[in-house]
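# Pasting a predicted model and its sequence here:
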Amino acid sequence: MSADEQTKLQPRIELETIGLQAYFGETRAVHGVSLRMPRHRLTALIGPSGCGKSTFIRCLNRLHEEIPGARAEGQVLLEGEDIYRRGVDPVLIRRRIGMVFQRPNPFPTMSIYENVASGLLLAGVKDRRTLDPIVERSLKQAALWDEVKDQLKRTGTRLSGGQQQRLCIARALAVEPPVLLMDEPTSALDPISTARIEELLLELKKAVTVVMVTHNMQQAARISDQTAFFLLGDMVESGPTDAIFTNPKDQRTEQYITGRFG
Amino acid sequence: MILLVTGCALAVLPLLAILMHLLREGASSIDLNFFTQVQKPVGELGGGMAHAILGTAAQVGLAAGLGVPLGLACGIYLAEYGGRERLAGPVRFALELLASTPSILVGVFVYGVIVVPMKKFSLFSGALALMVILLPLVARTSEELLRLIPQHLREAGLALGLPRWKVILSVVLRSAWPGVWAAILLGIARIAGETAPLVLTSFGNPTFPRGLDQPSASLPLQIYTYAISPFDEWHRLAWAGALVLVFTVLALNAITRLTGGSNERRRAD
């Protein structure tokens, strides 16, 4: 095996959890999960409803703790630095880790342009000469530019569901986060919009590390490089997507992906 | 169905009757003097409401200037931080009580804490009494309206790496603003017509208030002064004053409707 192949097989780790536990009050929703998410790869998190995968992904940008009574323990390393270390400002972490949610959630009072630029606008960047190219680049990355370039002043909520979701992706990309979290980004969309977003993700992961929760196992199989299977708050197993889907090590994984439960 | 329509007609009837009567009695007395003159000594003809209009404007303006930011602060605190703060329950309960306190008691309270120690009635104490009435109105309605903004919008803002206060102001409050603005205007309309809390605080004054620490006239109080007098000339002015007050309050309500409507239209386009 050459050195080149070696790095290809073991790429740099962008994001890693070590013994991550998440609580809602006294209830433990994630039981000590350790997972490495390599740079510029798409990691899919699969598992039945209530298995903790959404809670897990919300710990990765410290959004989980915004729910009253919720907290997380363990470590999450972003490029080797623990984001749960004392004194780390979650606001700064979230600028480096973007997120797209299950339901498209553009800001209803803002135009398409303002939505895309919102991360910068609300942080005080007002100069159109700075913003214009960023808005265009982000909308192109989100494969939405051609559809909205003539109506950037219109309200974002007037777009279709699939377009709104791509608008949210553009909004997340505008601040150039090296990591993008996606919590079931296509589960509220029709198959055509879903296919567009999947194509988009394949393109995006060349530049961004993507972690995606999905209910759709075909989707995980189609676009992810690595898959982790969650069940009842535990991560049962993780590995290259091919291996998980063709030759799972754990019996529960096999039962789930063959559709015997979940 | 017929019953319901009759019921509605009966409900609207008093308003129409009041407006008709006020127009008949008061419209003829509204002239330039009404808006430029102050109260004349008994026996002299003429006189107006200029001091009362100015007094009401000053007291309502001051009350809104203090009460709206404070009320909004309470509303935001309860809606956005209330879920995890132990203080929220008592604050909410206190606001509830304050909102249902008879307004004369608010006047008595301000009389006790401001007027008695200062040993004089003052415009400032009147404004404070009005503020105490306005604050719970703004706080409770803004809390309810902010709660209606879906959680996923807050998360969208937080996930962009925006600090919480920024998300609250630029995303949550901005989304709820048409309703909050309407609540503020309705609250201002309500205190513009309050009489009872002013009797013991700004007291009334036959001429322009000379400072915040001096007694001040106000439209409702001046109407009362004119109306209980035995002079036809003053009765005339009371009618005119009532007409102006009612139309000011109606105008505020109308503005609320119109601006609220245009906001919705803007959002829908």
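Arrived safely.
# going forward, measure contacts and count neighbours with C-alpha atoms only.
Fine.
# near chain B, which residues of the stretch 51-200 of chain A?
A:61, A:63, A:68-69, A:90-101, A:105-109, A:119, A:122-123, A:154-155, A:158, A:172, A:175 (CA under 8 Å from any CA of the partner chain).
# Filter those residues down to the buried ones.
With burial judged by 16 or more other CA atoms under 10 Å in any protein chain shown, the buried subset of those is A:61, A:63, A:90-91, A:93-101, A:105-109, A:119, A:122, A:154-155, A:158, A:172, A:175.
# how deep is the residue in chain B that chain A sits nearest to tucked in, by neighbour count?
Ranked by CA to the nearest CA, the top residue of chain B for proximity to chain A is residue B:161, at 4.4 Å. Neighbourhood size, residue B:161 [other CA atoms under 10 Å in any protein chain shown]: 28.
# what's near enough to touch it?
Neighbour list for residue B:161: A:90, A:91, A:92, A:93, A:94, A:95, A:96, A:119 [criterion: CA atoms under 8 Å, 6 or more residues apart in numbering or on different chains].
# Next to chain A in this structure, residues from the stretch 101-250 of chain B, please.
Taking CA under 8 Å from any CA as the criterion, the stretch 101-250 of chain B approaches chain A at residues B:152-153, B:155-163, B:166, B:170-171, B:174-175.
# three-state assignment of the residue in the stretch 151-262 of chain A that chain B sits nearest to?
Using CA to the nearest CA, the point where the stretch 151-262 of chain A gets nearest to chain B is residue A:172, with a distance of 6.5 Å. Secondary structure state of residue A:172, per DSSP: H, G, I helix; E, B strand; the rest coil, is helix.
# Does it touch residue B:158 like I think?
No. With the criterion set as CA atoms under 8 Å, residue A:172 and residue B:158 do not qualify as a contacting pair; they are 11.2 Å apart.
# quick one: the helices in the stretch 1-150 of chain B?
Assigned by DSSP state H, counting those that start in this stretch, the helices in the stretch 1-150 of chain B fall at B:2-26, B:32-36, B:50-76, B:88-99, B:103-110, B:116-118, B:123-147.
# what does the stretch 151-262 of chain A give?
Under the criterion DSSP H, counting those that start in this stretch, the stretch 151-262 of chain A contains helices at A:161-174, A:191-204, A:217-223, A:241-246, A:251-257.
# of all the ones you listed, which gets the most neighbours per residue?
Relative to the other members of these, helix A:161-174 carries the highest mean neighbour count by mean count of other CA atoms under 10 Å in any protein chain shown, namely a mean of 26.
# Rounded mean pLDDT for that one, please.
Per-region confidence: helix A:161-174 scores 96 on mean pLDDT.
# ok, now which ones touch the residue of the stretch 151-262 of chain A closest to chain B?
Under the contact definition (CA under 8 Å, 6+ apart), the residues listed for residue A:172 are A:98, A:99, A:100, A:116, A:119, A:180, B:160.
# Let me see the contact set for residue A:28.
For residue A:28, the residues meeting the contact criterion (CA under 8 Å, 6+ apart) are A:21, A:22, A:233.
# What of residue B:22?
With contacts taken as CA under 8 Å, 6+ apart, residue B:22 has the following neighbours: B:239, B:240, B:242, B:243.
# Just name the closest of the residues you listed to residue B:89, please.
In terms of CA to CA, no member of the contacts of residue B:22 lies closer to residue B:89 than residue B:242, at 40.4 Å.
# Compare the helices of the stretch 151-262 of chain A and give me the one nearest residue B:136.
Each of those has some distance to residue B:136 by CA to CA; the shortest is helix A:161-174, at 37.1 Å.
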